[in-house]
Every structure is written in structure tokens, then in C-alpha cells.
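Engineer: Dropping a prediction and its sequence here:
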Amino acid sequence: MPSVFLHSPLNINLSLADMLRTAVGEIGQKHNTTVRVKALTCHQREDGQLPLAIDEIDDMVITYGSDLAALTKHERREWLRPCAGQFPLREELSARGFEDPQGYFHPIFLIPLLIIYNQKLVPANKAPQKWEDLLDEKWRGQILFPERHLPASRALLALMQDLFPDRYADFLKHIVFRGSPVDVKNAVDEGQYPVGVNKVSFARFSRHKNLAMVWPSEGAFGLPNIMLWRVGTDEALLDVGHFLRSAPLQEFFLRNGYIPVSAEVPMLPEAEINNCRLFWKGWDWFLKMKGDV
């Protein structure tokens, strides 16, 4: 029985799993097979990481791109099915290198990660405007991150370590790790911390209306949620990929604050007004960003 493993952001995981199960039922009938869907969130594992031993992964995996960073090039070639050219990206993203030239990793949406601040505590002209500004000594112990093991924090820590290797150890002293992205949003909105990092999906809403978002001048970090397939996987699962790239699903991702990868739907407004400025140096760079984060 072909299987699909789903690991997506908490605010959409339940709905996406339901839609996926409905779709695979119809796709299974078309291909005269039964497809099983398993769903998990990073909050259901203590370390936030998934058991993605390459020789044990499901036939199709939908997850954060960072969950695959440990795979070697040899493992990718041996275990993953290349599908180059079958799932093209919108021009704004392909031009920025989000299309895997090897055809193993296929984004279904991007999670823009950026800076947030409390407007009552931090004047707009004093707010950090770029990632480098977070290194300023005045923010020591003042920057709120989600729990360290969660994908957003792991991605941003890897980014900061890559950008500022000589200053990274000091930067860690500026951070307080606590709760989920929703908890970070609420704490900064309530004035418990002046500055934080978050996803657009959460940062755009705040109960007390004290939050402001900063799209960093270097670019928001576009963390990809991707799909991939094992070698020899059932053809039905490629249809699952086309379902995830369809306009209704891409509109669902857009409504929930993520950047859709299909040109059939509009760009995320926050990305559009910032000229889709995303910090990304390609898949080789992304997969090598690791270390003690």
C-alpha cells in the first residue's frame, strides 16, 4: 500500500491532512490502489525532528525542507526519485533558485520568516530593519524565538550562523526561546518582549494591535515546505503532487499566510509589496546549513 507522510505547520496541518485524505481516496480509485496518509506535527516530537531515516521513509513525504538537510548526495541519488521539470515554480521563485535542479525536492509553499516588534516599546525608527541589526548589544536577552527545536527557530539559527559565524555565539545571548510561534506573537504583542521572529501567517494578526512586521532588507527567509518521492513509488503519488500544486490548494496556502508556488494564484501580499525579496542561495547552500543550532 503506497503511503504519504505529512508534516506541515501546525495552523494548517489538520485541515491539509483532511483534504489530502479525501484527494488520495479519489486518486486511489483512479489508479486502482489504496493510499494511506499519516500526519504528524513537530509539536508531537520532543526534538521537533522527524524519524526520516532514508531507508525507512514513506513513498511520498511532505515536510519542511530542513528535515532533509542530513541526507548526503549519495543517499538522494540512491533513494529519491528525481522529477525534474514536472512541478515548475512561479517565475518569482524559480528566478531566486527555489527550483531544485536535481528534481528531488519540490516546494508546495514557502514560509516567510521575518522580524516582529512591539510598536509601543520600540519606535519604528529604532526597530531592527535587517538580520544584522539583531546582533546589536541592546537586544541582549530581548529577542523572543519559538522553542529552539521548532523548524522556524532551527532555520533562522542556521541562517544567522551562516551569515555571521564569528558573531553567532554572542548572538545566542540575545535570544530567549519560549513556546510556539503563536506564543511568540502573543508575548511581543503584550509587551513581554520588544522584538521577536515569526511567520507572516501568525505575525499579521495580533489581539492588542501592537505588532509590526519588518521584512528584513537582506530578505525574509523563505523556508520551503516540500514534497519528495522514493525511487519506484506508485505513479498515483505523482497525482498527489499535482493535487498539492492545484489552484484550490495553493489558494489555501495563500489564505493562511504562506507564499504559493503556483503562478495560477496571486502572490502573498506581504511578499509582493517587498518585491518578493527572499534570502536564499540555492538548495546546495540550504542543505549544507547545519551545525550546532
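Structural biologist: Perfect, thanks for sending it. Numbering: from 1, shown residues only.
Engineer: for the chain, longest strand please?
Structural biologist: Secondary structure assigned by DSSP state E gives strand 106-118 as the longest strand of the chain.
Engineer: From the chain's centroid, how far away is that one?
Structural biologist: 7 Å (C-alpha atoms, centre = their mean, to the nearest Å).
Engineer: Mind listing what's buried along it?
Structural biologist: By 16 or more other C-beta atoms under 10 Å, the buried positions in strand 106-118 come out as 106-118. The way it works is simple: take the backbone N, C-alpha and C, and place the C-beta from them, glycine included.
Engineer: Residue 251: neighbouring residues, count only.
Structural biologist: Neighbour count of residue 251, defined by other C-beta atoms under 10 Å: 15.
Engineer: Please tell me how far it sits from residue 145.
Structural biologist: For residue 251, the distance to residue 145 equals 30 Å [C-beta to C-beta, to the nearest Å].
Engineer: before we move on, back to that, quick one: mean pLDDT over the longest strand of the chain.
Structural biologist: Averaging pLDDT along strand 106-118 yields 98.
Engineer: Please work out which residues outside the helix or strand that that strand is followed by touch it.
Structural biologist: For strand 106-118, the succeeding helix or strand toward the C-terminus, using DSSP states H and E, is strand 143-145. Applying C-beta atoms under 8 Å, 6 or more residues apart in numbering, the contact partners of strand 143-145 are 134, 152-153, 156-157, 174-178, 184, 187-188, 192-193, 195-197.
Engineer: mind running it again at 7 Å?
Structural biologist: 134, 153, 174-178, 184, 187-188, 193, 195-197 (C-beta atoms under 7 Å, 6 or more residues apart in numbering).
Engineer: cool, stretch 26-42 as well?
Structural biologist: With C-beta under 7 Å, 6+ apart as the test, stretch 26-42 has contacts from 1-7, 10, 13, 17, 20-21, 24, 48, 50, 58, 150-151, 234-236, 239-240.
Engineer: hmm, back to that, can you tell me the strand partners of the longest strand of the chain and which way each runs?
Structural biologist: Neighbouring strands of strand 106-118 in its sheet, by DSSP bridges, are strand 195-199 (antiparallel), strand 211-214 (antiparallel), strand 220-229 (antiparallel), strand 259-260 (antiparallel).
Engineer: Redo those strands as CSV? Include mean neighbour count, distance to residue 245 and mean pLDDT.
Structural biologist: What follows is the strands paired with strand 106-118, written out as CSV (neighbours: other C-beta atoms under 10 Å; distance: least, C-beta to C-beta, whole Å; pLDDT from 0 to 100):
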stretch, mean neighbour count, distance to residue 245, mean pLDDT
strand 195-199, 26, 21, 97
strand 211-214, 19, 27, 97
strand 220-229, 25, 9, 96
strand 259-260, 27, 9, 98
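Engineer: Need those in CSV (columns: distance to residue 99).
Structural biologist: Compiled in CSV, these are given as follows (distance: least, C-beta to C-beta, whole Å):
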stretch, distance to residue 99
strand 195-199, 22
strand 211-214, 27
strand 220-229, 10
strand 259-260, 14
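Engineer: Among those, which comes closest to residue 90?
Structural biologist: Comparison of those against residue 90 by C-beta to C-beta identifies strand 259-260 as nearest, at 7.5 Å.
Engineer: how far does the closest one sit from the chain's center?
Structural biologist: On C-alpha atoms, centre = their mean, the centre of strand 259-260 falls 11 Å from that of its chain.
Engineer: got the contact list for that strand?
Structural biologist: Residues contacting strand 259-260 (C-beta under 7 Å, 6+ apart): 109, 110, 112, 222, 250, 253, 254, 268, 271.
Engineer: Neighbours of the last one, how many?
Structural biologist: By the criterion of other C-beta under 10 Å, residue 271 has 22 neighbours.
Engineer: Could you list the residues in contact with stretch 193-200?
Structural biologist: With C-beta under 7 Å, 6+ apart as the test, stretch 193-200 has contacts from 111-118, 121-122, 128, 139, 142-145, 152, 156, 176, 181, 184-185, 187-188, 257, 268, 270.
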